[in-house]
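Visitor: Sequence and predicted structure are below.
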Amino acid sequence: MHEPQLTMVSLSFKTIPLKKTNELAAFTLVVNKNFRLSSTKKVPEHDYIMTALSKPATMTLPYDWNGEMGGNNEKVESCLGEKHLLNIFLKELRQIDPDIILGHDLLDFGLEYILQRMKVHSVNGWSRLGRIKRKDMPRMAAQIGLARAGHDACNGRLVADTKTSAMELVKMRDYNLTSLCEEQIPEQLSGLKPHFLYACKNRKEYLPEHIVEAFGSSNTLRMLLQENINDCFRNMLISSNIQSLPLAVQITNICGNILSRTLSRGRAERNAYLLLHAFHKKDHLPPPPYKKKTVEDGDKKGPKFAGGMVLEPKKGLYTNYILLLDFNSLYPSIIQEYNICFTTTAMQAPPDLPKTMEEGILPFEIKKLVNRRKEVKKLIKNEKNADELARLNIRQLGLKLTANSMYGCLGFTASRFCAQPLAALVTAKGREILEATKVFVEKMNLEVVYGDTDSIMINSNSTNISEVMKLGNLVKKEVNKHYRLLEIDIDGAYKSMLLLKKKKYAAIDQNGKEEFKGLDIVRRDWSEIARNEGRTILKLLLHEQDEEEGVRKIHEHLEMIGTEAGKQRI
DNA sequence: CCCGGGAGCGC
DNA sequence: AGGCGCTCCCGGG
């Protein structure tokens, strides 16, 4: 299908404290008129940059400010005040007429903030933010972060928010722009100058007082504006690195929902669209919305049904190989294996397996997603072209994410297709399967040391990796005999492992890769030194095959730390 | 001392 | 604006 060329603008702005609020002080628009949503290109392109600056109410511009950025950057448009700046912003937007607005934290903050400032100044043309001429501003919530008026005002344009997208697609501690730059901008990218990439990756946070200070001289003001320009490029780099736009296109294509919603709203709505299409296609009425049994059921917080099973860990240090097996896509597979669906299963507690032989709509849809993914994976195997490969990978990911999110939405109270009895049935079968697998493996005279929801860890009592893999394949073959399409697979083998508690362990796998799960050292509520030292000690223990020697080395290291701390070197 | 509840993880 | 399970830690009684 021919894909249209779109106009994208990357937006970044700076504000200055003013009484109890902030006023808009400067903005930059980086414009790309040849943007394609599905493009997997990593190097951002742009046609031109536009920056505008206002004289804040409480400050003066530097006496020698000449509106020049120096170098080959464009001239800065200087405005008399915030209202003037806002009008220039709207004028530019009108000329550019972007299809896509890209930025960081636009959805929960940025757009709402700009709209708020326009309201303060009664800016007439505010509806130019979007593509519909409107008289009344959408009503804003008292609190920014809860409202959607800013986004609403941008009707007709896609809003791509690097914060929102990153929160969905990558696991990070913080999603502020500085952290995103650090973690989501690559070290190197052919086609980009290393020093520019380095500058983008290493963002300096401008606190409000720094912005105020920057207005003190032309040089510092230029630096501030340059950073604002760089923020635009940073968001372009982050966006193309996490591939949020091509993925959103794929997900929208898979679910048949609305693209702007894929970029802004939760997963439940996407799944609802997919299911509504499916029910319609089969000429079947969608199920009535799920009703809670009692009022208290709806109000009480906490779990509404039982989840996965966690096996009691056999705690200790293991220096033989621990075999790691897990079921592929356990919950989507259970839905298919047992034909669990709105159309086949009674909405009751305790839930009961369906008796009908007719395939339900939900398992049918999941099967389609899984099969389509298999097809794409086949294509990936034979594909040589890098661009096409990237495109197929995004497609494969979209299919996987959609299949895997079905269970979660069954349990979600606010979903149109909420069906907690079905979710409860899925997890019940999951617990049953894990328990049965444990019992079965133990009957093979093997020791199960741990397992969580869909995984099982087996003590191989061996230090020979090929023996271990052979054993793994045997277990896999035997377990899989019990199921029609449910499948367990070898996930790896831990060369050594320290198993402390449920969901807390450290290990080194057959390739030397370290895994730390749930321990204090992975938690952000512990100090950096505690995390680092904990890590060092675990590494000493896990890499040293002889336990006594490991313990001796740890004592030695702790002595050293104590001494250094005493000397106040740490 | 026992609780209930939140963080912040794991899956 | 997917789910629950499990430490931990804290404060109230």
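Guide: Thanks, I have it. Numbering: from 1, shown residues only, chains lettered A, B, ... in the order given.
Visitor: And A:Y63, how far from A:T262?
Guide: Taking Cβ to Cβ, to the nearest Å as the measure, A:Y63 falls 50 Å from A:T262. Backbone N, C-alpha and C define where each C-beta goes, glycine included.
Visitor: Burial check on A:K19, number of neighbours?
Guide: Counted with other Cβ atoms under 10 Å, residues neighbouring A:K19 total 8.
Visitor: between A:Y63 and A:T262, which one's more packed in?
Guide: More crowded of A:Y63 and A:T262, by other Cβ under 10 Å: A:T262, with 27 against 7.
Visitor: Surely the more buried one is in contact with A:L274?
Guide: No. Using Cβ atoms under 8 Å as the test, A:T262 is too far from A:L274 to be in contact (11.8 Å).
Visitor: tell me, what's touching those two both at once?
Guide: A:C255 (Cβ atoms under 8 Å, 6 or more residues apart in numbering).
Visitor: Show me what from chain A comes close to DNA strand B.
Guide: Neighbours of DNA strand B within chain A, by Cβ under 7 Å from any atom of the strand: A:173, A:301-302, A:307-308, A:326, A:452-455, A:503, A:516-518, A:522-525.
Visitor: A:L6: what's it in contact with?
Guide: Neighbours of A:L6 in contact, by Cβ under 8 Å, 6+ apart: A:35-37, A:99-100.
Visitor: What is the nearest of the residues you listed to DNA strand B?
Guide: Ranked by distance to DNA strand B (Cβ to the nearest atom of the strand), the contacts of A:L6 are led by A:L37 at 29.6 Å.
Visitor: who's in contact with the closest one?
Guide: A:3, A:6, A:100, A:245-246, A:248-249.
Visitor: Compare these and tell me which is most surrounded.
Guide: Most neighbours among these, by other Cβ under 10 Å: A:L245, with 27 neighbours.
Visitor: The nearest residue to it once chain neighbours are set aside: what secondary structure?
Guide: Of all residues not flanking A:L245 in the chain, A:L37 sits nearest, at 5.2 Å (Cβ to Cβ, 6 or more residues apart in numbering). Secondary structure, DSSP: H, G, I helix; E, B strand; the rest coil: A:L37 is coil.
Visitor: Strands of chain A, start to end?
Guide: In chain A, the segments counted as strands under DSSP state E are A:6-18, A:21-35, A:48-54, A:76-79, A:100-103, A:158-161, A:316-318, A:322-327, A:447-450, A:455-459, A:488-501, A:504-509, A:514-517.
Visitor: Can you list the low-confidence ranges for the stretch 201-350 of chain A?
Guide: For the stretch 201-350 of chain A, residues meeting the criterion pLDDT under 70 lie at A:293-300.
Visitor: Got the confidence number for the nearest residue to A:A306 once chain neighbours are set aside?
Guide: Leaving out its chain neighbours, the residue that sits closest to A:A306 by Cβ to Cβ, 6+ apart is A:T427, at 5.9 Å. A:T427 is assigned a predicted lDDT (pLDDT) of 97.
Visitor: contacting residues around A:T427?
Guide: By Cβ under 8 Å, 6+ apart, A:T427 lies in contact with A:305-308, A:331.
Visitor: Show me what from the stretch 1-150 of chain A comes close to DNA strand C.
Guide: A:R148.
Visitor: from the stretch 1-150 of chain A, which residue is nearest to DNA strand C?
Guide: Per Cβ to the nearest atom of the strand, the residue of the stretch 1-150 of chain A with the smallest distance to DNA strand C is A:R148, at 5.7 Å.
Visitor: Find the residue closest to whatever residue of the stretch 201-350 of chain A ends up closest to DNA strand B in space, skipping its chain neighbours.
Guide: The nearest approach of the stretch 201-350 of chain A to DNA strand B comes at A:G308, 5.7 Å away (Cβ to the nearest atom of the strand). Nearest in space to A:G308, with sequence neighbours left out and distances taken as Cβ to Cβ, 6+ apart, is A:T453 at 3.3 Å.
Visitor: Over to A:V522?
Guide: Take A:V522 and drop its neighbours on the chain: the residue closest to it by Cβ to Cβ, 6+ apart is A:F516, 5.2 Å away.
Visitor: Correct me if wrong: that neighbour contacts A:A506.
Guide: Yes. A:F516 is within contact range of A:A506, at 5.0 Å (criterion: Cβ under 8 Å).
Visitor: Run a quick neighbour tally on the closest residue to A:L471 other than its chain neighbours.
Guide: Nearest non-adjacent residue to A:L471, counting by Cβ to Cβ, 6+ apart: A:S460, 5.7 Å away. A count of nearby residues for A:S460, using other Cβ under 10 Å, gives 24.
Visitor: Over to A:N271?
Guide: Quick note: A:N271 (other Cβ under 10 Å) scores 23 neighbours.
Visitor: and it, what does it touch?
Guide: Contacts of A:N271 (Cβ under 8 Å, 6+ apart): A:255, A:402, A:405-406, A:409, A:415, A:417.
Visitor: that older thread, from the contacts of A:T427, keep the buried residues only.
Guide: A:305, A:331 (16 or more other Cβ atoms under 10 Å).
Visitor: Can you lay out the contacts of A:T427 as JSON lines showing distance to A:G534?
Guide: As requested, the contacts of A:T427 are exported to JSON lines (distance: Cβ to Cβ, whole Å):
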{"residue": "A:F305", "distance to A:G534": "36"}
{"residue": "A:A306", "distance to A:G534": "33"}
{"residue": "A:G307", "distance to A:G534": "29"}
{"residue": "A:G308", "distance to A:G534": "27"}
{"residue": "A:Y331", "distance to A:G534": "33"}
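Visitor: for chain A, what are the low-confidence residue spans?
Guide: Scanning chain A for pLDDT under 70 picks out A:1, A:72-73, A:142-147, A:293-300, A:566-570.
Visitor: how close does the spatially closest residue to A:Q510 that is not a sequence neighbour sit to DNA strand B?
Guide: Nearest non-adjacent residue to A:Q510, counting by Cβ to Cβ, 6+ apart: A:A493, 4.7 Å away. Distance of A:A493 to DNA strand B, given as Cβ to the nearest atom of the strand, to the nearest Å: 15 Å.
Visitor: Bridge partners for A:A493, pull those for me.
Guide: Counting by DSSP bridges, A:A493 is bridged to A:L323.
Visitor: Neighbours of it, how many?
Guide: Applying other Cβ under 10 Å, we find 25 residues neighbouring A:A493.
Visitor: hang on, isn't it packed against A:I508?
Guide: No. Using Cβ under 8 Å, A:A493 makes no contact with A:I508, being 10.2 Å away.
Visitor: Which residues are in contact with each of these two?
Guide: Residues touching both A:A493 and A:I508 (Cβ under 8 Å, 6+ apart): none.
Visitor: For A:L192, grab the count of nearby residues.
Guide: Other residues near A:L192 number 17, with proximity taken as other Cβ under 10 Å.
Visitor: How about it: what's its closest non-neighbour residue?
Guide: Closest to A:L192 by Cβ to Cβ, 6+ apart is A:V43, at 5.7 Å.
Visitor: give the contact list for the residue positioned nearest the centre of chain A.
Guide: In chain A, the residue lying closest to the centroid (Cα atoms, centre = their mean) is A:L169, at 2.2 Å. Contacts of A:L169 were listed using Cβ under 8 Å, 6+ apart, and they are A:242, A:244, A:247.
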